[in-house]
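Trainee: 3D model of this:
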Amino acid sequence: MDERGPANEPQREEEAVDVEWSGNWVAGRLGIELAGGGEIRELLGLALRRNPKRAHLLVSNVLGKHVPQRPSVVHGAGFELGERVRDLLGEAEARRAVVLGYAETATGLGHAVADGLGVAPYLHSTRRPVAGVAQAGGFEEAHSHATSHLLLPEDPDLLAAGAQGSPLVLVDDEFSTGNTVLNTIRALHARYPRERYVIVALVDMRSEADRGRLAGFAEEVGARVDLVARARGTVRLPDGVLEKGRSLVAAHEADDTAGEPPPPRSAPARVTLDWPAGVPDGARHGFTPAHRAALEAALPAMAGRIADALGDARRVLVLGFEELMYAPLRLATALEDATTADVRYSTTTRSPVLAVDDPGYAIRSRLVFPAHDDPADGPGDRYAYNVAGAGFDAVVAVVDSTADTPALHAPDGLLARLAGHTDRVLLAVVPSYVPTPAADRVPAPDAGTVRTPTSHRQEAAMLPEPLRGPAFSSYAAEDVGWLLQDLSDTRLEAPTEEREEAIQSGGAHYAESLPVEYQPSPQYQELFKAALDTSAARIARAVGTVTETVLAERGPRPVLVSLARAGTPVGVLMRRWAQHRHGLDLPHYAVSIVRGRGIDANALRWLAAHHDPADVVFVDGWTGKGAITRELAAALEDFEGFDPEIAVLADPGGCVRTYGTREDFLIPSACLNSTVSGLISRTVLRADLVGPHDFHGAKFYRELAGTDVSGLFLDTIAARFDEVAAAVDAEAKELLAADRAPTWEGWGAVERISEEYGIHDVNLVKPGVGETTRVLLRRVPWKILAKRGAGADLDHVRLLAEQRGVPVEEVGELPYTCVGLIHPKYTRGATGADGTAVKGK
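Mentor: The predicted structure follows:
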């Protein structure tokens, strides 16, 4: 097999290996002549395929599709072409250019050309339809195995904006007849006419007759058309070559498919990439220089994780997936820099090619496996070439999350096929980019208007992207996106007594101000850590059980939306469980919901514009009496497609059907405020701060970083995942078969307590360990009802009650471990509804 890189590039060390040309076998049997000098033979080999239009296949040695090659050579070949295009256009025109690549073979090459240009956005055609993205164009490919190309830019103006002064750079691996590229230009020129086009290819293989067409075509469309190619040559075909090729293919297909595939040598393992938030997996919907910069910054760390997982592997293949060529290529180039191993790169393909184990033939072996990304054109075989028998002791398979399906992991799937030919298979999953369709801004609908998907997208165009750590919260960027606005510089805290009087008198809503953050004593901090150590396995079981229930009932890729802020640590843990046990990279966002005011409608609009509402699963920490459950159900009546069911860690009130447990026990995240919740405050909703097109607000308490235990809480519980896995599997199976209908037992108990204790307001009765803790931390507590015999789960409650001088009353019949009662007649000077008193403090 010839794996030499491109010639005439002294800046890269090339392999000086004298090998047989990988086109000899086909050339000798069919009489095909590849003319054009030595470099053409270094760049190309020949193979045969079943295709009614063209029997032979030009197999590139530097494209990274069929032939494993050093990733630096693959990327360098395209990068050098991009530099030549930049020189051709000049700086000013290069900055206005748009690069367009062809699926599937040239998606990575086009990316590399755009990298060489450095300043141009890039889009590649695709054969994967994407719901909700308008088609900006399409065309057919004359000699390809699969012909239909779609253009699906996220920004519908990408191809249109400034077209007259914006050169379009079209990139394909080879320029043979020229039909595909010229047909593309003709179709796009009719919609987006421009003055200049540049065609880029690794090789220009046009016949003498076809070479004369380009000037005539340029005159036809009234534009300048340039061609930049690495090398030039031509293929001379004798008469009857198509029929001879078919006969050869038929004669050798039996050998090509003979024998059972070898059994896997080992089980595949996953490696977590921590792909940078907001960076697309490729250019199916567009890829900008800003995306490139963000990816470049993240590559060393991602390559380091892969290198650590590879261990002592010395010959490594990074295997991309059909159109997903650039992400695995750049991971491979970074891995090449991070390790001394011999790293190679290639990708799977949907194109069937005959394999012949001969050094004079370009495709020495092939692996066959079923498609695993639910393709629009139905199921079918896919292929990986020159992997079997190539001596790789490790393969890193890189797919997008759309393709991380059961078919990938099936006994006849890609991973199993790879595992039969190498000692180690790693799977790295890049999150599939979900585009945001552009839309004109429109005013928000009047209250009560039912929102349609179109209006969601229009309204969402006015909203910012989610806030992420470390700029907002101490959580990692990938853990959660906060659909909130940052009010960190606004004075919102008021003394607890003033807030309580304002809330109970009707002078202010509890969401209009914030309590002063509780600063735990050393004794209380030690109590928190002890409670965390004691309950970590219990919580891990509940996390696993509720996550497995969600995955079983709401589909394999739910969108987690936690109710800030008690639900957010749970959402992060559920995301980590899904990643740890299933390799799923679930989206997770945090939104605000306020009792009596509803959920943040703008956050719902953003979610509906970016995800299918049916995939959204709302997450909270626990249920008390079910007030938020009812609040959410009422708020969602105006929004189509969202399921009001909440998934919670603990449901002692019997208010939901998706839960990890119905026991009322201490969840240590309830013990503290922001310091166990990413240093984020409660959410704030106040008319002078939150406008009609704003998210609700919150503060990031950066100054409390020294006492932050958010990461400790998550890591301590996640460390117990493997330990509880078997128990989780059993509990989830049992729950899925059980009657989990809400009993609302807790609500009845709250109503009874409200009357028995003369409170006459269920909002002042806070049942459960979590809610009782909140009362002691944020409100003016009256007394605590503790279930007789409750043990260590109430140690922190008793300590807080002692510190605040609140009596704890032991009671017998109680469906909860404890209940906190807010002082029912608390009156003192307080904050007004307009927030004036807060500002004046």
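
Trainee: What helix or strand is residue 316 located in?
Mentor: strand 315-320 (DSSP states H and E).

Trainee: cool, residue 753 as well?
Mentor: Assigned by DSSP H and E, residue 753 falls in helix 745-756.

Trainee: ok, now residue 532?
Mentor: helix 522-554.

Trainee: how about that helix: buried residues?
Mentor: 524-525, 527-529, 531-532, 535-551, 554 (16 or more other Cβ atoms under 10 Å). (Each C-beta comes from the backbone N, C-alpha and C, glycine too.)

Trainee: picking that back up, looking only at pLDDT, what's the mean for the strand holding residue 316?
Mentor: Confidence for strand 315-320, expressed as mean pLDDT, is 98.

Trainee: one step back: by contact count, what packs against the helix holding residue 753?
Mentor: strand 765-767, strand 818-822 (3 or more Cβ pairs under 8 Å, 6 or more residues apart in numbering; DSSP states H and E).

Trainee: Include mean pLDDT, distance to residue 332 and mean neighbour count when you put those strands into a markdown table, please.
Mentor: Output for the helices and strands packed on helix 745-756, formatted as a markdown table (pLDDT from 0 to 100; distance: least, Cβ to Cβ, whole Å; neighbours: other Cβ atoms under 10 Å):
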| stretch | mean pLDDT | distance to residue 332 | mean neighbour count |
| --- | --- | --- | --- |
| strand 765-767 | 85 | 55 | 26 |
| strand 818-822 | 90 | 56 | 26 |
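
Trainee: any chance of those strands in JSON lines, with distance to residue 282 too?
Mentor: Formatted as JSON lines, the helices and strands packed on helix 745-756 follow (distance: least, Cβ to Cβ, whole Å):
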{"stretch": "strand 765-767", "distance to residue 282": "49"}
{"stretch": "strand 818-822", "distance to residue 282": "52"}
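
Trainee: tell me what the helix holding residue 532 is packed against?
Mentor: helix 567-582, strand 646-650, strand 658-661, helix 710-718, helix 721-737, helix 795-804.

Trainee: Compare these and give me the one nearest residue 196.
Mentor: Within the helices and strands packed on helix 522-554, the stretch nearest residue 196 is helix 567-582; the backing value is 46.3 Å (Cβ to Cβ).

Trainee: Now do the residue most central in space within the chain against residue 620, distance only.
Mentor: Nearest to the mean C-alpha position of the chain, by Cα atoms, centre = their mean, lies residue 431 at 2.9 Å. Separation of residue 431 from residue 620 (Cβ to Cβ, to the nearest Å): 25 Å.

Trainee: and if you look at residue 336?
Mentor: For residue 336 relative to residue 620 (Cβ to Cβ), the value is 46 Å.

Trainee: Pick out whichever of those two has more residues nearby.
Mentor: Ranked by neighbour count (other Cβ atoms under 10 Å), residue 336 and residue 620 place residue 620 first, with 26 against 22.

Trainee: Show me what the strand or helix carrying that one is packed up against.
Mentor: According to DSSP H and E, residue 620 maps onto strand 616-622. The contact analysis (3+ Cβ pairs under 8 Å, 6+ apart) places strand 616-622 against strand 559-564, helix 567-582, strand 646-650, helix 769-778.

Trainee: Show me what the first one is in contact with.
Mentor: Which is strand 559-564. Strand 559-564 has contacts (Cβ atoms under 8 Å, 6 or more residues apart in numbering) with 480, 482, 484, 568, 570-572, 574-575, 586-593, 607, 611-612, 615-620, 628, 632, 646, 680, 682-683, 698.

Trainee: Also the third one?
Mentor: Contact with strand 646-650 is made by 539, 542-543, 546, 549-550, 563, 567, 570, 574, 617-623, 628-629, 632, 656, 658-665, 667, 768, 770, as judged by Cβ under 8 Å, 6+ apart.

Trainee: average model confidence for that strand?
Mentor: Taken as a whole, strand 646-650 has a mean pLDDT of 91.

Trainee: swap in stretch 373-381?
Mentor: Mean predicted confidence for stretch 373-381 is 86.

Trainee: which residues sit in contact with residue 94?
Mentor: Residue 94 neighbours (Cβ under 8 Å, 6+ apart): 85, 86, 117, 118, 119, 120.

Trainee: and the fifth one, what helix or strand is that in?
Mentor: This means residue 119. Going by DSSP H and E, residue 119 is not in any helix or strand.

Trainee: Report the buried residues of stretch 219-228.
Mentor: 221, 223, 225, 226, 227, 228.

Trainee: quick one: which of those residues sit in strands?
Mentor: Judged by DSSP state E, the buried residues of stretch 219-228 include 225, 226, 227, 228 as members of strands.

Trainee: who's the last one bridged to?
Mentor: It stands for residue 228. Applying DSSP bridges to residue 228 gives these bridge partners: residue 200.

Trainee: Now do the same contact list for it.
Mentor: 81, 84, 85, 88, 198, 199, 200, 201.

Trainee: Averaged pLDDT, the helix or strand containing residue 210. What do you get?
Mentor: Secondary structure from DSSP H and E places residue 210 in helix 208-211. For helix 208-211, the mean pLDDT works out to 80.

Trainee: cool, stretch 168-188 as well?
Mentor: Per-residue scores along stretch 168-188 average to 88.

Trainee: Also stretch 466-474?
Mentor: In the prediction, stretch 466-474 has an average pLDDT of 89.

Trainee: Okay, now the sheet partners of the strand holding residue 620, with direction.
Mentor: strand 559-564 (parallel), strand 646-650 (parallel).

Trainee: Is it possible to get JSON lines of these that adds distance to residue 817 and mean neighbour count?
Mentor: As requested, the strands paired with strand 616-622 are exported to JSON lines (distance: least, Cβ to Cβ, whole Å; neighbours: other Cβ atoms under 10 Å):
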{"stretch": "strand 559-564", "distance to residue 817": "22", "mean neighbour count": "26"}
{"stretch": "strand 646-650", "distance to residue 817": "10", "mean neighbour count": "27"}
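
Trainee: Let me have the ones you listed in TSV, extended by distance to residue 391.
Mentor: Shown next, in TSV, are those (distance: least, Cβ to Cβ, whole Å):
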stretch	distance to residue 391
strand 559-564	42
strand 646-650	48
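
Trainee: still on that earlier bit, next, the angle from the helix holding residue 532 to strand 616-622.
Mentor: Helix 522-554 and strand 616-622 are oriented at 150 degrees to each other (axes from the mean of the first three to the mean of the last three Cα atoms, to 10 degrees).

Trainee: Kindly calculate the angle that helix 522-554 makes with helix 721-737.
Mentor: Going by the same axes, to 10 degrees, helix 522-554 makes 50 degrees with helix 721-737.

Trainee: what is the orientation angle of helix 522-554 with helix 567-582?
Mentor: Using the same axes, to 10 degrees: helix 522-554 against helix 567-582 is 60 degrees.

Trainee: Now do the helices in the stretch 201-350 of the chain.
Mentor: Along the stretch 201-350 of the chain, the stretches classed as helices by DSSP state H, counting those that start in this stretch are 208-211, 213-221, 241-257, 289-310, 326-338.
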